[in-house]
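> Using only what follows, build the 3D model:
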Amino acid sequence: NNWESTYFNFNQDTLVKLFDGAKEIGVDLFLLDDGWFGNKHPRHSDTAGLGDWQANKKILPDGIEYLVKQAEKKGVHFGIWVEPEMVNPKSELYEQHPDWVLKLPNRAIDLSRNQLVLDLTNPKVQDFVFGILHNLLTDNPGIAYIKWDCNRFMTNTYSNYLGNDQQDLYVDYTKGLYKVLERVRKEFPNLEMMLCSGGGGRAEYGALHYFNEFWPSDNTDGVERLFIQWGYSYFFPAATMCDHVTSAGKESLKFKIDVAMQGKLGFDIKVNDLSENEIAFCRNAVDNYKRLQDVLNYGSLYRLIAPYHSTITALMYVDSLRQKAVVFDYNMNVHHGDTYQNIILRGLNPGKKYVVKEINVEAGKWNSFHESGKTFTGEFLMKEGLGWYLNDALTSSVLEVTQVE
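Numbers count the residues shown, from 1 in each chain. Reported below is the predicted structural model:
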């Protein structure tokens with residue numbers, strides 16, 4: 001994702017150069033975030049342009065299709081950000097259809113993030129929102145991913161379309177949204193889509209029928225994410241949880257990657273600011289993630305040590321055959337005189353033997369897990385467990401557990 005690298009300040013040449021960074025760290029897909037649209041009211045900030053979903057001709061003179069093809073030449077897929085349910089008052093859409101927004105006629109306009117919510121109870125608005133996706137994807141058939149954002153909640157809510165029948169507005173809105181998504185999925189059944197909302201307010205099972213994954217929170221601090229992802233995992237599987245490495249927090253790059261590997265791994269970082277060793281580490285971690293993604297996204301989750309009453313936390317994923325597992329261990333903080341419990345693994349076959357190997361090890365550094373490469377019985381791992389081995393604050397480790405006999 002280019003957001004932290006550029007925010008609204010980019011052009012097509014800037015983006016094409018970023019494709020190299022994406023390829024360099026081994027990721028599959030580059031996502032163009034907010035700021036690519038609007039001509040009469042260019043989207044140079046969050047104050048204008050929302051609702052006018054045409055590529056900005058000054059910053060993208062060759063359009064989205066050019067970016068798709070350039071990304072494919074670099075060996076990465078191309079995805080794009082949209083926020084189709086919203087509109088800025090400073091937009092052509094609002095100028096043409098001021099009655100298409102949810103707002104009380106006897107109250108002042110109540111903006112959040114300088115935007116209003118479109119009235120999806122109205123079939124004409126539903127057609128418009130569907131048309132955004134239809135036009136974008138048919139004009140640019142190489143787009144492989146959509147990030148569908150929703151950056152504000154409803155206030156002063158009133159539908160001109162519903163008139164005196166306002167009592168079911170929130171339900172009618174949701175039904176209208178689902179009608180749009182039903183049409184999108186019928187026309188583009190294989191398109192991967194993420195549903196995003198800053199505070200995770202869009203993570204719900206009705207929407208999961210149409211989306212592949214959710215953005216759980218804009219809080220991407222590594223330690224905070226351990227708590228967010230732990231709680232999220234009680235309701236949704238790892239395959240639906242977008243976890244991105246960002247500049248937020250004071251944790252090391254390794255710690256952030258080890259946290260983000262719990263779900264759908266992504267990067268919102270400035271690759272140009274990374275050292276050669278850090279790029280090599282990212283690529284190695286991405287290779288490990290791809291190799292183990294079926295276990296990480298679709299394996300059975302076992303919560304080993306909860307983060308709530310300790311400075312340490314651990315969890316693991318196990319494949320359906322109990323032949324492969326991945327264990328995540330983290331030390332969030334240390335206090336004088338701390339003692340730690342063993343890591344008691346779960347979900348393995350007690351009668352089988354397993355090699356436990358630490359992965360995501362930084363170049364030139366020793367393994368944190370000194371018994372890396374040693375073989376244990378499943379019974380031992382699930383009864384005696386592994387001694388805790390991370391003794392410093394903000395340290396992490398990932399263990400790959402493989403059945404050998």
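> which intervals of the stretch 201-350 of the chain have sub-threshold pLDDT?
Within the stretch 201-350 of the chain, no stretch falls below the threshold (pLDDT under 70).
> Break down it into its helices, ranges please.
Ranges of helices in the stretch 201-350 of the chain, per DSSP state H, counting those that start in this stretch, are 205-208, 222-232, 253-260, 276-298.
> Just name the most buried of those.
Highest mean neighbour count of the helices of the stretch 201-350 of the chain: helix 253-260, a mean of 23 (counted as mean count of other CB atoms under 10 Å). The C-beta positions use only the backbone N, C-alpha and C, and glycine is treated the same way.
> What is the end-to-end distance of stretch 70-84?
25 Å (CA to CA, to the nearest Å).
> So which bits of it are buried?
Gln70, Ala71, Lys74, Val76, His77, Phe78, Gly79, Ile80, Trp81, Val82, Glu83, Pro84 (16 or more other CB atoms under 10 Å).
> Could you export the residues you listed to a markdown table, including columns for distance to Gly378 and secondary structure?
A markdown table is the format used below for the buried residues of stretch 70-84 (distance: CB to CB, whole Å; DSSP: H, G, I helix; E, B strand; the rest coil):
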| residue | distance to Gly378 | secondary structure |
| --- | --- | --- |
| Gln70 | 49 | helix |
| Ala71 | 44 | helix |
| Lys74 | 44 | helix |
| Val76 | 39 | coil |
| His77 | 39 | strand |
| Phe78 | 44 | strand |
| Gly79 | 40 | strand |
| Ile80 | 46 | strand |
| Trp81 | 45 | strand |
| Val82 | 47 | strand |
| Glu83 | 48 | coil |
| Pro84 | 49 | coil |
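> Other residues contacting stretch 23-33?
Contacts with stretch 23-33, where a contact means CB atoms under 8 Å, 6 or more residues apart in numbering, come from 1-3, 15, 18-19, 22, 67, 71, 74-81, 144-145, 147, 266-267, 271, 274, 279, 282-283, 286-287, 290.
> Go through the buried residues of stretch 70-84 and name the one nearest Leu169.
Pro84 (19.0 Å; CB to CB).
> Now for that closest one: which residues touch it?
Contacts of Pro84 by CB under 8 Å, 6+ apart are Trp53, Leu118, Val129, Ile132, Leu133, Trp148.
> if you set the cut-off to 10 Å instead, what comes out?
Neighbouring residues of Pro84 by CB atoms under 10 Å, 6 or more residues apart in numbering: 50-51, 53, 118, 120, 128-133, 136, 146, 148-150, 177, 180, 184.
> just Glu187 next, same as before
Counted by CB under 10 Å, 6+ apart, Glu187 has contacts Phe130, Leu133, His134, Leu137, Thr138.
> Could you rerun that using 6 Å?
For Glu187, the contact set (CB atoms under 6 Å, 6 or more residues apart in numbering) is empty.
> Model confidence for it, exactly?
Per-residue pLDDT puts Glu187 at 98.
> quick one, phi psi at Leu116?
Dihedral pair for Leu116: phi -120, psi 170, per degrees, to the nearest 10.
> Give me the neighbour count for it.
Using other CB atoms under 10 Å, Leu116 is surrounded by 28 other residues.
> got a pLDDT number for it?
At Leu116, pLDDT is 98.
> Excluding residues flanking it in the chain, which one is nearest it?
Counting by CB to CB, 6 or more residues apart in numbering, Leu116 lies nearest to Val101, which is 4.4 Å off, once chain neighbours are set aside.
> That'll do, ta.
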